[in-house]
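J.: Fold the following, please.
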Amino acid sequence: MNTIKKLLLVLICIPFIGFGQPSNVNIPDANFKAYLVGNTAINTNGDTEIQVSEATPFAGSINCSNLGIFDLTGIEAFTALTDLNCNSNQLASLDVSANTTLTNLICHSTQLISLDISTNLALTLLDCRFNQLTSLDVSTNTALTDLYCTNNQLTSLDVNFNTTLVLLECAGNQLTNIDVSANTALTTFFCHANQLTSLIVSANTALIKLICYANQLTSLNVSANTALDELKCNANQLTSLDARNGNNQNLLQFEVINNPNLTCINVDDVTYSTNNWTNIDAQHYFSTNCNAGNSIYDLITNSALTILQTAIDTCGLAAALQGPGPFTLFAPTDAAFNALGQANLLQLLGATPTLTNILMHHLVGDSVMSGMLSNGQVLNTTLGYDVTITINSNGDIFIDNAQVTFVDIVADNGVIHVIDAVLIPPTPANNTVYDIIDLSPSHSTLRWIIDTCGLDGTLQGPGPFTVFAPTDAAFNNLPTATLTALSNDISQLTDLLKYHVVGDSLMSGMLSNGQLLTTLLVNDVTITINSNGDVFIDNTQVILANIVADNGVVHVIDAVLIPTATPSWDCINGACSDPGTGVGIYSSLTACNQTCGVSTIEEHTTTKTLLKITDILGRQTNQTRNKLSFYIYDDGTVEKKIILE
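T.: Numbers count the residues shown, from 1 in each chain. This next block holds a predicted model:
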């Protein structure tokens, strides 16, 4: 019986012997264990193990970064842990599911392929950069304020539940889109080097830094981000960028280079942007309204080509470059003009005739894209001189000796190519209004008329003259019958030509709306200037103004000016008739009738048959009183008549 009692006593005491021994945390990684054992805040008894009783209450920070740790087993015992920094180790996995009080987790550069933080509801900072994560779920981490997940392999990231986020860095992943509309507290957003095709930050009004370069963005609007001080959106595919946030001068870092499809950038302050935001492409320019206009002049006005714009304005060529065109403008940069030297530049800007000729030498009367240029090609400028195209083995394009630094800035009325030097035309032996017309490829008909009428010598004389010069296209728009009639009547042809010449040198800036100019024919032409600044001579529009000559100026017009006939009447055989010679003795039909006592125009008997009557534009019409008409007969003759009341 005593033996049995002793045995029972032993069996009862054995479990209590075990409870008397301390329980150690399993820490298989020697480097991790060495760190914990050496941390006196954790290893409070100073032995060679970490007891559960030491790990569980520890509420401080564990920083075991860069210690060559492969396994963080044992971390689960630290259930009160608030900060864990294990970056720059060789961890294959990390289990922090038991560490529910964690607020900061830094595990970047640790080779992680997955990370589960679904139980870490108190987490405010997560830094898991430079791992191999393919997914990351932060939907339960609603307290997050700072999320660093740069340089992983993430294809998606949902931060809609993280409404307290202040910092988000998700660069260097494979994201195609990211929605930050719920992150209204966001101040720093780095999303560069992804595959984003769109990015909307209108809800992020607190945003200070936006780095979104090296994506595939086609548009970006930061007009709502008034606190922005840094914007880097270079190396995208932007076609539009709106930076009108009302606080451009606070935006100290602005980079938009390598966006070849972008031309106009919307800003609040063009002057500040031009002077301070220099990390842009050559074709980029700033405007307060990029949609206001897209003519060559509009593009120049809203670009960094400020000296070129000043030159265009000085010479009165703005209206022409806003006109229908088409034009090709070889546009020198400010640096190109400055390379002439300050003294020469100031002298040039003060010499309007010379400056006008130089600008005309940069303009071609056609829209010529870079792909249409070939080595050795010759283009005739609107000044009448040629420039030569050279394309070297590298594909670099030169206009004479000026290199094209940016090509194909397309406008509604042509194209701009930016060049790095100013093209200087050859100095002509003579530069009269006749010489300008003679050298122009668009005025062969006008030159023929001048020569035929024998006025070439006059227009090479001292002048001064203002010539309103219709293009060949303008003459071609006249009815064939009209051209034939004019060609057969030198007197009428001379009158027509004189109606295009004023005996004074009148630059476009000297013209005013409603002004009357007396031509060499003595008849007046009327100037009309509309609200857009377009200049009209009678009903013809000036499409290129202020081609300055030594003896005057030439303005190119888009139609032929037709003088209003002043009939002269004769009393012939008791009836009033217009003999068509312009030398009758009566200035009006009424005056003639008072003598002749008749009230109708003489009816002429003729054997030729009238085929049709046309107006000045060649449109068939009926006999019309008080208007110039052309009577076309079967024998080929044409009569110009005005039937008056």
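
J.: When you work out contacts or count neighbours from here on, use the C-alpha atoms and nothing else.
T.: Noted.

J.: Give me the spatial nearest neighbour of the residue nearest in space to the middle of the chain, chain neighbours excluded.
T.: For the chain, the residue sitting closest to the mean C-alpha position, by Cα atoms, centre = their mean, is residue 263 at 2.4 Å. In space, and not counting its chain neighbours, residue 263 is closest to residue 284: 4.4 Å by Cα to Cα, 6 or more residues apart in numbering.

J.: Pop out the phi and psi values for residue 403.
T.: Torsion angles at residue 403 (phi, psi; degrees, to the nearest 10) stand at phi -90, psi 140.

J.: Next, count neighbours for it.
T.: 19 (other Cα atoms under 10 Å).

J.: The residue nearest to residue 263 touches residue 261, doesn't it?
T.: No. Between residue 284 and residue 261 there is no contact under Cα atoms under 8 Å: 9.4 Å.

J.: residues in contact with the residue nearest to the centre of the chain?
T.: Going by Cα atoms under 8 Å, 6 or more residues apart in numbering, residue 263 touches 239, 240, 283, 284, 285, 409.

J.: Kindly recompute the last result at 7 Å.
T.: 283, 284, 285 (Cα atoms under 7 Å, 6 or more residues apart in numbering).

J.: so where's the stretch 151-300 of the chain uncertain?
T.: 292-293 (pLDDT under 70).

J.: number of nearby residues for residue 111?
T.: Residue 111, neighbours per other Cα under 10 Å, totals 22.

J.: per-residue pLDDT, it?
T.: At residue 111, the pLDDT value in this model is 93.

J.: Just say helix, strand or coil for it.
T.: Following DSSP: H, G, I helix; E, B strand; the rest coil, the label given to residue 111 is coil.

J.: related to what we said a few turns ago, and residue 284 and residue 261? which has more neighbours close in?
T.: Taking other Cα under 10 Å, residue 284 and residue 261 do not tie; residue 284 has more neighbours (22 against 15).

J.: Who are the contact partners of the more buried one?
T.: So residue 284 contacts 262, 263, 264, 303 (Cα under 7 Å, 6+ apart).

J.: Ok, residue 459 next?
T.: 433, 434.

J.: any idea which of the contacts of residue 263 is the one closest to residue 456?
T.: residue 283 (44.0 Å; Cα to Cα).

J.: The spatially closest residue to the closest one that is not a sequence neighbour and residue 406, how far apart?
T.: In space, and not counting its chain neighbours, residue 283 is closest to residue 263: 5.6 Å by Cα to Cα, 6+ apart. Here residue 263 is placed at a distance of 11 Å from residue 406 (Cα to Cα, to the nearest Å).

J.: ok, now residue 30?
T.: 62 Å.

J.: re the thing from before, the contacts of residue 263 in strands, which ones?
T.: Judged by DSSP state E, these include residue 285 as members of strands.

J.: For the contacts of residue 263, give me TSV that also has distance to residue 83.
T.: Formatted as TSV, these follow (distance: Cα to Cα, whole Å):
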residue	distance to residue 83
283	51
284	48
285	49
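
J.: out of the contacts of residue 263, who's nearest residue 216?
T.: The closest of the contacts of residue 263, once distances to residue 216 are taken by Cα to Cα, is residue 284, at 18.2 Å.
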